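>>> Sequence first, then the predicted structure:
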Amino acid sequence: MKLRKLFLFGLLGGVFLNSCSSDDDNVNPEPKPETGSYAEGIFVLNEGSQTAGTVTYLSEDLSTVAHEIYQANNDDDLGKFLQSMFFHEENAYIISNGSNLITAVDRNTFEVVGKVDSGLKVPYYAAVVGETAYVTNLAEVVNAPNDDYIAVIDLKSLEVTGTIAINAPTAKILAEDGFIYVQNSSYGVGNTIIVINSATNAVVKTLEVNDGLTDMEIENDYLYVLGTESFETIDLTTGQKVSEVIFTEDLQGVSNLEVEDGAAYFTLGNAVYTMAVGAAASPAAPVIEYTSNSQWGKMYGFEVEDGRIYIGDAGDFASNGFIEVYTTSGEFVKKINVGVGPNGFYFND
Amino acid sequence: MKKSIFYLLFLSLFHWTPSFAQLDSINYLEEVFLSDVKLREFSTGQTLIKIDDSVTKLSRPALGEVLQFNSPIYFKQNGLGMVSSPSFRGTTASQTAVLWNGININSQFNGQSDFNILSTAGVDEVAVRGGGGSVIYGTGAIGGTVHLNNRLKFNQGFKNEVFLQYGSYNSLDARYSLEASGEVWSLSVAGARNSSDNDYDYPEKGENLNGQFYNNSLDVGLAYKIAPKNYLRAFSSFSHADRHFSLIRPSETPTKYRDVNSRNLLEWETGVSQFKSTTKIAFLDESYRYYENLSSKRFSFGEAETFIARNDLEYFGFKNLQLASVLSNTHTAGEGSGIDDNSRNIFSAAFLLKHQPAQEFSYEAGLRKELTNNYESPLLFSAGAKYRFSSFYSLKLNASRNFRIPTYNDLYWNPGGNTSLRPETSLQAEIGNSFRWQNLNLGLTAYYIDIQDMIRWLPGSGGNWRPHNEDEVRSYGLEALLGWEEKVGSGLLNLKGIYAYTASENQKTGKQLIYVPYHKATAAAGYTYGRWNFDYQFLFNGEVFTRSDNDPKYNLKAYTISNLSTSYAFGREGSYRLGARVRNIFDEAYQNVEDRWMPGINFNIYLNLNF
């Protein structure tokens, strides 16, 4: 590989290392019984490396595995570097940041419905309010790290209808009660979260958090913030920090936050740690340590859902990776081979 | 008149095919000067493929295009005209050194040469030498070396050449060269432009978007004979390449790369009694700009200036024994978007010995050591021997230790550069067999290369990537070169063929490296009949793995490409030539890199005027 490209790839890789979490938690208020090959199951997003990314489908009981389900149902692919996925009503939307593309598919058949193919520049994560998706875009990654913006997309027409300039690095984006929360950090460098009112698309507030912001989650009006050295809980109704843990030295450098049923989960190297939300001290020992000989694709995807912990391992990014499933108490359930660079888990329920 | 035409055609025929001469059989005219004399004098036990100017003109002007059809080197190419990196004998792109008139011109930043921005237009001769060459040529000479040489001749009068070629995708290849020489001076000037819209259709749907490029170059050579055995020579080469990077999907962000290079070499050669001294001063300037988004004017850049002072001393005082030393000092100052202003200095000393105790036996040996603060420099060596058992068969042996030094990016990239890297080092050996029977030449070379401490970038804390001496690779394989020529009917037919078998495996995993085909073959046939000339080129590129676990599901399938061209010589003495070519005549749909379609059948016409 040409080294200049390697740098670029490296830089992108570095940016994309933060795993995504399910943005569907808040989006799909009325699940109803569905039919279709992929109704009721788990989608594993495989980022792809030298070629287009893919999606692997797992049935809920993990007994059925289908690879490359988009290619299987369409005469096409999803583009380079699949970054994240979100659901809205009957559709799933897959974001490809190497191809500036969002592909909308039927969430149960994975047949293509439409595409957003202009107005995006290295799209990253999305949050949905009503019929509108807010998508962070990194724009120029190397030459202008602070030109990031949010593309406002009408999900009916699949058109970018406007942009919100951020003028700072962006990453994850969440929606809660009509407000949009934008993680304002890159490579774990940064300590602010921008709040946008979706009624006006104007920035209304900037929350300051601890240094080293790597991930955030919102659950029941609480904003949970993971830094490389701390975990904070912020009450969104008051904007006040209600609790904080500064990690012990052996836990510094953590990433991948998930909050589920009153417990926070995060990762360091090949280990998963958990602690009760509001706890005063760092967890003493990991709940899971899995075996990986990946040099930089350990915990490339991480998710906690319905009593299960899902881990994606990207291996060397030049061959297919695998996932492992555990119970939240740390019992091994299954290991399944997937595509290149599994970076996220999305639940079609 | 008839005779002279025949002679010209014969010459042109001879030149229109690569010759696989062993070095000791190459005879240069006395008054021809080639800067890279070491290539001729110190290659015992190795095999050289020489590709003349008229053969390079059969291909598009990019060096990678020429070598793809005329050498065992495999090229990984992101579409026509895009980044092209070599894998020579299963090694990586930074383990093939490119020498311009004997000076190593691989990039200071990444240690590689992009074979699609190096143009053959201003070059008189392209030569490919397989195997190690670090003792003479320095860093990167592990898989082999590629030599771009200019020749200067005396007493040739005034010559002009115009070459104009136009074809599919609005591709233009325009060259003009002038040679003027008298008894004591010689001048050559060559200017060229190569450009293309490069918007070919993909086999199923879509077309190559944002693939346009142009490349302008100017090459100047000057020689002056001060006195017998006392010469001054100067070579300069300037090039400006502006290349957009093609998109796989229309929604992608268009980008482009701009490369500006200048290379200058001044040499003074003098002979005193049994000594010959050549003192060289070279100045190289490389700069690139990467435009990440064409709609903004922003770019990232790198620029490096390299200053080389060198002396080559040869002693001929002993019978059948030649001794040589090469002392060289290389100073590089570079900076870039990710690299603070840094300079480095490397002093090197090499000693070479060649002995021919008998007519049929010769051997050589060499040692090199570098002194620098940048890395711990290993002692490099090479040893070669050749024994001619009969006019039918010769045996060649060569063994060497070579290296690839850490590049500017490896050392100084901020953040991540690692100043405690060791050079990549190789230990390698080859056995060559040459058979010659009437008009048939056959060369068979088997080699083994063990490479340690290969540098790889890996992420560290905080998302910062950092290079480490990480990988070990073992390559082995076989190269076969075949040449044959025969009078057929009233015309002359000649055939050339190359086959390479390459196994290159990661020693930790035992898997074949991705994008290294086990099999590659090329063939060329030329037939000259009266004023007509016909050429056929063939390339077979074997299946490659694209996944490190060698999962065959994702392999890129093998492909074969055939090109056909014909030309007619006209004018007095047949010194004008009009020709036409068809490339990929069977319209093979193929990819050289995943998702990167290559062009189907395409056409061009050309006019070549010598006056």
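Okay, I see it. Residues are numbered from 1 along each chain as shown, chains lettered A, B, ... in the order given.
>>> Neighbours of A:V287, how many?
19 (other C-beta atoms under 10 Å in any protein chain shown). Any C-beta I mention is one placed from the backbone N, CA and C, and that applies to glycine too.
>>> same question, the one 4 residues further on
For A:T291, the count of nearby residues is 8 (other C-beta under 10 Å).
>>> Can you give me the separation between the spatially closest residue to it that is not a sequence neighbour and chain B?
Take A:T291 and drop its neighbours on the chain: the residue closest to it by C-beta to C-beta, 6 or more residues apart in numbering or on different chains is A:N270, 7.3 Å away. According to C-beta to the nearest C-beta, to the nearest Å, A:N270 and chain B sit 15 Å apart.
>>> I figured A:N270 hits A:F302, correct?
No - in this structure, A:N270 is not within contact of A:F302 by C-beta atoms under 8 Å, at 11.4 Å.
>>> In terms of neighbours, single out the busier of these two.
The neighbour comparison of A:N270 against A:F302 (other C-beta under 10 Å) goes to A:F302, with 25 against 17.
>>> where does chain A have low pLDDT?
For chain A, the stretches with pLDDT under 70 are A:1-35.
>>> let's go with 50 and repeat that
By pLDDT under 50, the low-scoring segments of chain A are A:1-33.
>>> which SS class is B:L411?
Here B:L411 is helix, with the state taken from DSSP: H, G, I helix; E, B strand; the rest coil.
>>> Any idea how many residues pack against it?
Using other C-beta under 10 Å, B:L411 has 19 neighbouring residues.
>>> surely it meets B:R422?
No - the pair B:L411 / B:R422 is not scored as a contact, 11.7 Å apart, by C-beta under 8 Å.
>>> can you give me the offset of stretch B:534-549 from its chain's centre?
Centre-to-centre, stretch B:534-549 and its host chain are 19 Å apart (C-alpha atoms, centre = their mean, to the nearest Å).
>>> For B:T502, see how far away B:G143 is.
B:G143 sits 10 Å away from B:T502, going by C-beta to C-beta, to the nearest Å.
>>> Need the residues touching each of these two.
B:S87, B:R89, B:G90, B:S475 (C-beta atoms under 8 Å, 6 or more residues apart in numbering or on different chains).
>>> Tell me the one of the residues you listed nearest chain A?
B:S87 (11.6 Å; C-beta to the nearest C-beta).
>>> The residue in the stretch 101-250 of chain B positioned nearest to chain A and A:A165, how far apart?
The nearest approach of the stretch 101-250 of chain B to chain A comes at B:N110, 3.7 Å away (C-beta to the nearest C-beta). B:N110 sits 35 Å away from A:A165, going by C-beta to C-beta.
>>> swap in B:T92?
42 Å.
>>> Which one of these two is surrounded by more residues?
B:T92 (28 against 11).
>>> The residue nearest to the more buried one when sequence neighbours are not counted: neighbouring residues, count only.
Once flanking residues are discounted, B:T92 sits nearest to B:M454: 7.3 Å by C-beta to C-beta, 6+ apart. By other C-beta under 10 Å, the residues close to B:M454 number 21.
>>> Repeat that for B:F570.
Counted with other C-beta under 10 Å, residues neighbouring B:F570 total 11.
>>> so the nearest residue to it once chain neighbours are set aside bridges to which residues?
For B:F570, ignoring the flanking residues on the chain, the nearest one in space by C-beta to C-beta, 6+ apart is B:Y576 at 5.1 Å. Counting by DSSP bridges, B:Y576 forms beta bridges with B:F570, B:L609.
>>> B:S94 is in contact with the residue of the stretch 101-250 of chain B closest to chain A, correct?
Yes - using C-beta under 8 Å, B:N110 is in contact with B:S94, at 6.7 Å.
>>> Looking at these two now, which is surrounded by more residues?
Neighbours per residue (other C-beta under 10 Å) separate B:N110 from B:S94, with B:S94 holding more: 27 against 23.
>>> which residue packs closest to that one, ignoring adjacent ones?
Nearest-residue entry for B:S94: B:G111, 3.6 Å, with adjacent residues in sequence omitted and distances by C-beta to C-beta, 6+ apart.
>>> Check B:S328 too.
In this structure, B:S328 finds its nearest non-sequential neighbour in B:R310, 4.0 Å apart by C-beta to C-beta, 6+ apart.
>>> List the contacts of that neighbour.
Neighbouring residues of B:R310 by C-beta under 8 Å, 6+ apart: B:T279, B:K280, B:I281, B:A282, B:V326, B:L327, B:S328, B:N329.
>>> partners of the residue nearest the centre of chain B in the sheet?
For chain B, B:V146 is the residue whose C-alpha lies nearest the centre (C-alpha atoms, centre = their mean; 3.1 Å). When bridges are taken as DSSP bridges, the partners of B:V146 come out as B:V98, B:V128.
>>> Contact partners for it?
By C-beta under 8 Å, 6+ apart, the residues touching B:V146 are B:L63, B:L67, B:I73, B:P86, B:T96, B:A97, B:V98, B:L99, B:S113, B:V126, B:A127, B:V128.
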